[in-house]
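Colleague: I need the structure of the sequence given here:
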Amino acid sequence: MKLDETDRKILYLLEKETGTGLTHDDIADRIDVSSSTVTNRIQRLKADEILEGFQPQLNYEKAGIPFHILFVCTVPIERRKALAEEAIDVDGVVETRELLTGTRNLHVEVVSQDIDTIEECSEELESLGIDIEQSDILRRENSQPFNHLAEEMVGESKEE
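Modeller: Model (predicted):
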């Protein structure tokens, strides 16, 4: 599916304003279309699997969840997708990322209230056939919308 200017504007604003409570009416006002156009476009973007969902970005530390760990793992390339899908069901796993490399090709993000749960999670991941190469404590993540062309189309600039 080819994205048009309206699609790109909607995706940009959804990505930029994640967690702000931006409504379809708000988006419509900012890009000068009707609210029903926004609703229809979002439904189509979901149906076409371009928009995969809306997920808030949490600050686990402030939420009182002290352990936020990134496991850097290696899995057989032919099983990478299946193992990533299995890993997401392990208690404490909040995200998996598949990488194209031959080694260190799966990142598994885990959160927990206690170290025992982290250990249980790592044991369960290893029982699935996931080799944990490294673990790191995550402090903070920063992100920004990719579509800088849409940034200009909705009349915003980095200086704002």
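Colleague: Can you tell me how far residue 24 is from residue 10?
Modeller: From residue 24 across to residue 10, the span is 9 Å (Cβ to Cβ, to the nearest Å). The way it works is simple: take the backbone N, C-alpha and C, and place the C-beta from them, glycine included.
Colleague: Could you name every residue contacting both of those two?
Modeller: Taking Cβ atoms under 8 Å, 6 or more residues apart in numbering as the contact rule, residue 24 and residue 10 both touch 38, 42.
Colleague: Neighbour count: the two, which is higher?
Modeller: residue 10 (25 against 18; other Cβ atoms under 10 Å).
Colleague: Give me the below-cutoff pLDDT ranges for this structure.
Modeller: 19, 147-149, 151, 155-160 (pLDDT under 70).
Colleague: again, 90 this time
Modeller: 1-2, 12-22, 51-64, 101-102, 139-160 (pLDDT under 90).
Colleague: any idea how it splits into domains?
Modeller: 5-56, 67-137 (automatic domain parsing).
Colleague: Residue 144 is nearest to which of those?
Modeller: With Cβ to Cβ as the criterion, residue 144 lies closest to domain 5-56 of those, at 7.5 Å.
Colleague: Output the domains of the chain as CSV; include the columns distance to residue 154.
Modeller: Below are the domains of the chain laid out as CSV (distance: least, Cβ to Cβ, whole Å):
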stretch, distance to residue 154
domain 5-56, 5
domain 67-137, 28
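Colleague: can you tell which of those domains is closest to residue 153?
Modeller: Closest among these, once you apply Cβ to Cβ, is domain 5-56, at 5.5 Å.
Colleague: what about the closest one, start to end distance?
Modeller: Terminal residues of domain 5-56 lie 25 Å apart, using Cα to Cα, to the nearest Å.
Colleague: Show me how far that domain is from its chain's centre.
Modeller: Relative to its parent chain, domain 5-56 has a centroid offset of 16 Å by Cα atoms, centre = their mean, to the nearest Å.
Colleague: Likewise for stretch 4-19?
Modeller: 15 Å.
Colleague: how about residue 113, what does it touch?
Modeller: Applying Cβ under 8 Å, 6+ apart, the residues contacting residue 113 are 64-67.
Colleague: Show me just the buried residues among the residues you listed.
Modeller: Among the contacts of residue 113, those classed as buried by 16 or more other Cβ atoms under 10 Å are residue 67.
Colleague: of all the contacts of residue 113, which comes closest to residue 14?
Modeller: Nearest to residue 14 among these is residue 65, at 25.8 Å by Cβ to Cβ.
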